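Take this sequence and fold it.
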Amino acid sequence: MNSSRTSETELEKTPGYLSATLNCKCPRCRKGDLFQYKNAYNLKDGNYMKMNERCSECGQPTEIELGFYYGTSYVSYALTILFSAITFVLWWIIIGISLNDNRLFWWLGIDVFFLLLLQPFFMRLARSFWISCYVKYNKNWQIEKPVEPERTNDRLKNAW
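As a prediction, the model looks like this:
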């Protein structure tokens with residue numbers, strides 16, 4: 001009876017998919033951090049993109065195969081397009097768009113400024129979404145071992 005309560009309590013504490021992905025948590029257990037540093041703006045020495053080799057909670061490898069994260073460029077591109085579309089619609093509703101004055105160029109300048117400012121965050125978010133497409137949540141992560149990647153090469157790790 002007590003173990004069923006524990007599992008119910010454990011399930012209540014488990015973050016949802018969107019919350020875990022937005023917070024860059026491991027998709028398998030949704031508890032461990034994907035990145036070594038929580039701050040996306042720790043730009044010194046490129047530390048903002050350093051990922052843990054394995055999840056600290058469940059042991060899930062974060063690099064499934066060589067070049068695994070190349071696909072995140074598509075996700076990052078989609079995020080920036082979505083951001084630009086949302087800011088364009090908000091600008092249109094709040095300020096308006098006209099070809100007779102500079103409002104369109106003001107939106108463009110402000111949008112580019114925020115895209116540059118948010119790029120480290122978007123890049124990390126893209127990696128989090130990408131790995132969550134391939135590694136699914138496992139409610140039994142505490143007793144089941146993670147699937148080991150089929151194709152890894154330690155000599156070429158992080159060579160990109």
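
Provide the backbone phi and psi angles at the residue of the chain positioned farthest from its centre.
The C-alpha centroid of the chain is most remote from N100, which lies 40.0 Å away (C-alpha atoms, centre = their mean). Here is the backbone geometry of N100 (degrees, to the nearest 10): phi -90, psi -10.

try K25
Backbone torsions of K25, given as degrees, to the nearest 10, read phi -100, psi 160.

ok, the closest residue to L118 other than its chain neighbours - contacts?
Nearest non-adjacent residue to L118, counting by C-beta to C-beta, 6 or more residues apart in numbering: F83, 7.1 Å away. From N, CA and C alone the C-beta is placed, and that goes for glycine too. F83 makes contact with D111, F114, L115, L118, F122, according to C-beta atoms under 8 Å, 6 or more residues apart in numbering.

Also R103?
Contacts of R103 by C-beta under 8 Å, 6+ apart are W91, I95, G96, I97.

could you pull out the helices for the protein?
Along the chain, counting by DSSP state H, helices occupy 2-13, 17-22, 72-94, 103-134.

so can I have JSON lines of those helices showing distance to A40 and mean pLDDT?
Converted to JSON lines, these look like this (distance: least, C-beta to C-beta, whole Å; pLDDT from 0 to 100):
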{"stretch": "helix 2-13", "distance to A40": "25", "mean pLDDT": "52"}
{"stretch": "helix 17-22", "distance to A40": "12", "mean pLDDT": "90"}
{"stretch": "helix 72-94", "distance to A40": "13", "mean pLDDT": "95"}
{"stretch": "helix 103-134", "distance to A40": "5", "mean pLDDT": "93"}
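
Okay, now stretch 14-24: how far is its last residue from its first?
Taking C-alpha to C-alpha, to the nearest Å, the span from the opening residue of stretch 14-24 to its closing residue is 14 Å.

C133 and L115: what is the separation?
Distance of C133 to L115, given as C-beta to C-beta, to the nearest Å: 24 Å.

Alright, that wraps it up for me.
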